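Asks: whatever this is, show me its structure:
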Amino acid sequence: MVEIKKNILATLAYFDVFNYPLTREEIALFLPVKYESALFDIAMACLVGNRLIYRFDKFYSLKNDPYLVQRRNDGNQKAFEMVKTARKVGNILIKFPYVRGIAISGSLSKNYADDESDIDLFIITAPNRLWIARTLMHCFKKLAFLVKLENYLCMNYYIDEQQLEIPEKNIYTATEVVTLIPIQGDTTFADFFAANAWTRNYLPNHIMRVSTAKSLTKMALKSTIEWLFNNYWGEKLDNRLMKITTSRWNRKTAEKKLNNHGMLLAMATGKHYAKPDPENFQFKLISRYETKIAQLLVENHHSVAN
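Replies: A predicted model of the protein is given here:
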């Protein structure tokens, strides 16, 4: 009983970092261990009874703050509309050369959005052509900027089919992987999820969503452009674009430039990936999460043990 209580608190603590209360089903889904339903319900009742967690209708939180529930409900409603927009965006971006899979990521993949939210997208490309694909897509984003639609095109994480496994393995990356909402490339994401089965070590109750993605269809223009670059010169171009982009982003980081959300612009790059620098955000979040858990268990040791 003690362990299941600790795991429930740990699950709520992670989402509490984002001020996001959970339903009973969501807590069970994100538990870090397998569980028995009857024991889980008893533990939940004990935690509510001891005021270690608070219930507001169908939601549970570490904070006794009903505003968080209103915030979540509003965010869920806005996310519903933004997901529909993201699917339309995906229908456009999948037409770009070498793009093999597109998924919704970030807060929107957790069914939350507010007035400052972007449509964050996770992109999978063909092997060794990530930088050609990324450059073409970001040229398109520059055009979207002119009509103030750039927030619909936040393509901030790219990998290619050569290296599908996410190297950083922790609660943050596991949560990000399992909550992706694939919208294009069903077989591509089936391979991606298979390559990242390690997430079950952190979230064994979560089933990853492949069925939400459309199947790839053959497109004449896309196939023709890919044929033109499937050679020595295409490889040279891809490598050159990687070097140019890496150099440009390194300058941004050195100059301490910030994005629209006030975060330092930093990107980790390689032949098979382009992604936000994990040291810029990831480790800080995990540290806050682990500190919160430690404080909870120390401050409520007797209540958890009973």
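Asks: how far away from the center of its chain is stretch 92-105?
Replies: 16 Å (Cα atoms, centre = their mean, to the nearest Å).
Asks: just list what the helix or strand encompassing Asn7 packs against, helices and strands only.
Replies: Secondary structure assignment for Asn7, by DSSP states H and E: helix 2-16. Other helices and strands packing on helix 2-16, by 3 or more Cβ pairs under 8 Å, 6 or more residues apart in numbering; DSSP states H and E, are strand 22-23, helix 24-29, helix 37-49, strand 59-61, helix 278-299, helix 301-305. Backbone N, C-alpha and C define where each C-beta goes, glycine included.
Asks: out of these, deepest packed?
Replies: By mean neighbour count, with neighbours taken as mean count of other Cβ atoms under 10 Å, strand 59-61 ranks first of the helices and strands packed on helix 2-16 at a mean of 21.
Asks: and the next element down the chain from that strand?
Replies: Using DSSP H and E, the next helix or strand after strand 59-61 towards the C-terminus is helix 67-93.
Asks: give me the angle between that following helix and helix 2-16.
Replies: Taking axes from the mean of the first three to the mean of the last three Cα atoms, to 10 degrees, one finds that helix 67-93 is oriented at 70 degrees with respect to helix 2-16.
Asks: ok, and what's touching the helix or strand that comes right after helix 67-93?
Replies: Towards the C-terminus, the helix or strand next in line after helix 67-93, according to DSSP H and E, is strand 99-104. Counting contacts by Cβ atoms under 8 Å, 6 or more residues apart in numbering, the residues outside strand 99-104 that touch it are 83, 86, 90, 93-94, 109, 119-126, 133, 137, 161, 180-185, 188-189, 192, 213, 216.
Asks: of those residues, buried ones?
Replies: When burial is judged by neighbour count using 16 or more other Cβ atoms under 10 Å, the buried members of these are 83, 86, 90, 93-94, 109, 119-126, 133, 137, 161, 180-185, 188-189, 192, 213, 216.
Asks: let's see which of those end up in strands.
Replies: Within the buried ones among the contacts of strand 99-104, membership in strands is found for 120-125, 181-184, as judged by DSSP state E.
Asks: can you redo these as a markdown table with distance to Lys284 and pLDDT?
Replies: Converted to a markdown table, those look like this (distance: Cβ to Cβ, whole Å; pLDDT from 0 to 100):
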| residue | distance to Lys284 | pLDDT |
| --- | --- | --- |
| Asp120 | 18 | 93 |
| Leu121 | 23 | 95 |
| Phe122 | 21 | 97 |
| Ile123 | 25 | 97 |
| Ile124 | 27 | 98 |
| Thr125 | 29 | 98 |
| Ile181 | 25 | 95 |
| Pro182 | 28 | 96 |
| Ile183 | 29 | 96 |
| Gln184 | 32 | 96 |
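Asks: hmm, back to that, so which of the helices and strands packed on helix 2-16 gets nearest Gln77?
Replies: strand 59-61 (14.7 Å; Cβ to Cβ).
Asks: quick one: distance of the closest one to the chain centre.
Replies: On Cα atoms, centre = their mean, the centre of strand 59-61 falls 22 Å from the chain's centre.
Asks: where in the chain is pLDDT low?
Replies: 144-152, 260-262, 278-280, 300-306 (pLDDT under 70).
Asks: re earlier: can I get the ones in strands among the buried ones among the contacts of strand 99-104 in a markdown table with distance to Leu221?
Replies: Shown next, in a markdown table, are these (distance: Cβ to Cβ, whole Å):
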| residue | distance to Leu221 |
| --- | --- |
| Asp120 | 27 |
| Leu121 | 21 |
| Phe122 | 24 |
| Ile123 | 19 |
| Ile124 | 20 |
| Thr125 | 17 |
| Ile181 | 27 |
| Pro182 | 24 |
| Ile183 | 21 |
| Gln184 | 17 |
